[in-house]
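K.L.:
dropping a prediction and its sequence here:
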Protein chains: 2
Amino acid sequence: MQTKHLVNSDRLWKSLMDMAKIGATEKGGVCRLALTDLDRDARDLFVKWCKEAGCTITIDQMGNVFARRAGKDNSLAPVVTGSHIDSQPTGGKFDGVYGVLAGLEVIRSLNDAKVETLRPIEASIWTNEEGSRFAPAMISSGIFGGAFELEYGLNRPDLDGKTMGEELKRIGYAGKEPVGGRPFHAFFEAHIEQGPILEHDKKTIGIVQGGLGQRWMEVTMTGVESHAGPTPMRIRKDAMVGAAHVITAVNKIGHSYPHACATVGLVQCSPNSRNTIPGKVFFTIDLRHNEDEVLTKMAQEAKAAAEKAAKENGLELDYKEIWYLPPVKFSADCVQAVANAASELGFSHMPIISGAGHDSFYINRVAPAAMVFVPCDGGISHNEIENATQEDIAAGCSVLMRAMIERANSL
Amino acid sequence: MQTKHLVNSDRLWKSLMDMAKIGATEKGGVCRLALTDLDRDARDLFVKWCKEAGCTITIDQMGNVFARRAGKDNSLAPVVTGSHIDSQPTGGKFDGVYGVLAGLEVIRSLNDAKVETLRPIEASIWTNEEGSRFAPAMISSGIFGGAFELEYGLNRPDLDGKTMGEELKRIGYAGKEPVGGRPFHAFFEAHIEQGPILEHDKKTIGIVQGGLGQRWMEVTMTGVESHAGPTPMRIRKDAMVGAAHVITAVNKIGHSYPHACATVGLVQCSPNSRNTIPGKVFFTIDLRHNEDEVLTKMAQEAKAAAEKAAKENGLELDYKEIWYLPPVKFSADCVQAVANAASELGFSHMPIISGAGHDSFYINRVAPAAMVFVPCDGGISHNEIENATQEDIAAGCSVLMRAMIERANSL
């Protein structure tokens, strides 16, 4: 254990807290939606820090940012790490940005220790991972991994109709580099677990084996908006009543299969007036399972529930599946590198499956990938009170560094 | 029948169509929310037309506008008509504004026919009848009728926190006149039915006897927002799932009593992101019935349903009744004047109960009041496709004029 590399815990924590000021919310969280001015400010700060650490910066056409620390042989494919710096509307200080700044801390720590790796090391930012402002999530790593076309990504609109392409130009992060085709020798992503398992089992490190498959739906139910007083109940076509039936059914589907997740997170009621019967409701469905067959069955049941609710309430139904992500299995080599690092550094650890989607899911399609999880308080994420300990955050970064060094010194 | 007064149908229709340009929507409706710039523009046009018809204008502290045509004895209390010119977010061309412009047309027709009435005649606008921007509805006629205090009205906030008092000043309609205390000899309001009964029964005129009682609630359910992937179903506190149960229950309450109406028209889901479990949902409940006892029972059931849904889903519940309007019974004299007018003019007619609330409900508390209904297409209102025929619109206005003349010549 003579080469036990540990990162600078205080510096990493301070960088996280400094970055969390950009988009800070009153309740201690962060609101930094993709491609807003705040996203640009956070990118600018990361780029500045990376340049100070001696890195060269490359930006691709989806605004993905790569900060490279040179290796002994720069003709070899790099070992890359990273995550995202966009957040949910009421997000926390760690989701995504931890993986980005852990990458920076690996580079800073290698500089401090004057360690030279055979291959170059890169820290990266992936644009619009959250999918809050532009759907679907993980769009830019998805293009990198060949799941979507570049044009599709650039044309994704937010709810106001602004596209990712327009907004990338506006904030100055529409790079020249093609998206994808950059060979990675390995990709690692450090992240808070965003679930309660590590905390419950009292483990510091989660060795992520893969992730849940996901199916995302967009549903519009259309009835007839009319006055809430003089319109008799029996002739109403109330879109919100139809939507409520589907929301209840989706929740029931989530409860009927072990390890399943089913969520209606976004609901837009129209015209949204107290004394008008809702004429139109738009809502989303997010279904997840680690077995593809079960996921398919869940999707069939959700669609059937929407069709039934539409029929029973006299509504028109527009039901679209907008995204399908098959269950993910990470690279055995990379998973082993993470497991080795955790063991050798003496951190308690366990294998785990990711319930959330992550950029590494898509990157895994074109390069060997794996993830490092650390616990978060109460398993709560996508919430302003999201929290993690400095100790766990540093432990995950040390595991990340050691795994990266192992892969960066391999041919 | 020698004094059979009929209004100028074409002129009334043209005024309605001209007014409908202010806030016109693509689908042929109107969006003219209370105390917006568009509301001001519509008020300005009405005031201009009234001045051209020789009226004097008075504006009170809630922005209610009174346009007076002098009578033979101006020391006598006037006979007043009117309604509102604010609209729903996706409202129609007739709801409210018909009653305002019918008042103007009565004045214009009396001018044309050189008829002098004993008492003065007034046409009026009542501020924020809809309750879409500022809750509750009918706030300004409510203050006039003694149901609310002036301060309460001026402090009503919209969803952005702007108050009615601020917005009245901003658009220049914060008048000096006290709200209420103006004696009316009688008050009449012409309105489209906003329901399907007159059309179904093939009657031109509805002689409105009174209106449904109403109870309005504001409900907030609070759970824990968290990531939709890694958060197991069994530990979730999903506020939207709780709200969906209440929406379903409220609909069921509406169906369980004859003539009942029960509506959830406004739903705000927070943080409203596809892959975050909703942590908070705010929604409204609108309950109506013509029997006070049944209305009370409906309200008890709705509250019990919310308490049950909160408990079953681990949610905090904030449940407030923000408005109670008892069932309304109009003045026998005024109702009789409308019935006489419809009979004498030879229009088919029937007694009817109003499902919607109207300014005359509150004015009825301090002055004898009644209403004239005309049919609207398919009974649809609070919808951009709301429609009525020119013939019916003119018929209602002729009935209004005749009823007003009868009361204006009575001591």
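P.N.:
Thanks, I have it.
K.L.:
can you give me the helices in the stretch 301-411 of chain A?
P.N.:
Shown for the stretch 301-411 of chain A, the helices assigned by DSSP state H, counting those that start in this stretch span residues A:332-345, A:359-363, A:390-408.
K.L.:
I'd like the ones you listed written out as TSV, with mean pLDDT and distance to chain B added.
P.N.:
Quick note: C-beta positions are derived from backbone N, CA and C, even for glycine. Listed next are the helices of the stretch 301-411 of chain A as TSV, based on pLDDT from 0 to 100; distance: least, C-beta to the nearest C-beta, whole Å:
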stretch	mean pLDDT	distance to chain B
helix A:332-345	97	18
helix A:359-363	97	11
helix A:390-408	97	16
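K.L.:
what separates A:Trp70 from A:Asn64, distance-wise?
P.N.:
Trp isn't right for residue A:70; it's Ala. 20 Å (C-beta to C-beta, to the nearest Å).
K.L.:
what's the neighbour count on A:Pro183?
P.N.:
10 (other C-beta atoms under 10 Å in any protein chain shown).
K.L.:
residues contacting it?
P.N.:
Applying C-beta atoms under 8 Å, 6 or more residues apart in numbering or on different chains to A:Pro183 gives the contacts A:77, A:367.
K.L.:
which strand or helix spans it?
P.N.:
For A:Pro183, there is no enclosing helix or strand under DSSP states H and E.
K.L.:
state the pLDDT value of it.
P.N.:
pLDDT for A:Pro183: 96.
K.L.:
cool, the one 10 residues further on as well?
P.N.:
pLDDT recorded at A:Glu193 is 96.
K.L.:
so how many other residues sit close to it?
P.N.:
With other C-beta under 10 Å as criterion, A:Glu193 counts 27.
K.L.:
correct me, but it touches B:Pro230?
P.N.:
Yes - using C-beta atoms under 8 Å, A:Glu193 makes contact with B:Pro230 at a distance of 6.4 Å.
K.L.:
what residues do these two have in common as contacts?
P.N.:
With C-beta under 8 Å, 6+ apart, A:Glu193 and B:Pro230 have common neighbours A:379, A:381.
K.L.:
what residues does the stretch 101-250 of chain A put near chain B?
P.N.:
Residues of the stretch 101-250 of chain A lying near chain B by C-beta under 8 Å from any C-beta of the partner chain: A:130-132, A:135, A:137, A:193-197, A:212, A:214, A:216, A:224-235, A:238, A:240-241, A:243-245, A:247-248.
K.L.:
ok, of those residues, which come out buried?
P.N.:
A:130-132, A:135, A:137, A:193-197, A:212, A:214, A:216, A:224-233, A:238, A:240-241, A:243-245, A:247-248 (16 or more other C-beta atoms under 10 Å in any protein chain shown).
K.L.:
returning to what we had before: now go through the residues of the stretch 101-250 of chain A next to chain B and say which are in helices.
P.N.:
By the criterion of DSSP state H, membership of these in helices covers A:197, A:240-241, A:243-245, A:247-248.
K.L.:
please identify which pair of those lies farthest apart.
P.N.:
By the measure C-beta to C-beta, A:Ile197 and A:Val241 form the most distant pair in these, at 37.4 Å.
K.L.:
with just CA atoms, put stretch A:208-220 into PDB.
P.N.:
The C-alpha trace of stretch A:208-220 is given here as PDB (Å, rounded to 0.1, in the frame of the first residue of the first chain):
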ATOM      1  CA  VAL A 208     -21.800   0.700  -9.300                       C
ATOM      2  CA  GLN A 209     -22.500  -2.400 -11.500                       C
ATOM      3  CA  GLY A 210     -25.000  -0.700 -13.800                       C
ATOM      4  CA  GLY A 211     -28.300   1.100 -13.800                       C
ATOM      5  CA  LEU A 212     -32.000   0.900 -14.100                       C
ATOM      6  CA  GLY A 213     -33.600   1.000 -17.500                       C
ATOM      7  CA  GLN A 214     -36.000   3.900 -18.100                       C
ATOM      8  CA  ARG A 215     -39.000   4.800 -20.200                       C
ATOM      9  CA  TRP A 216     -40.200   8.400 -20.200                       C
ATOM     10  CA  MET A 217     -43.700   9.400 -21.500                       C
ATOM     11  CA  GLU A 218     -45.300  12.700 -22.400                       C
ATOM     12  CA  VAL A 219     -49.100  12.700 -22.100                       C
ATOM     13  CA  THR A 220     -51.700  15.200 -23.000                       C
END
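K.L.:
done for today, thanks.
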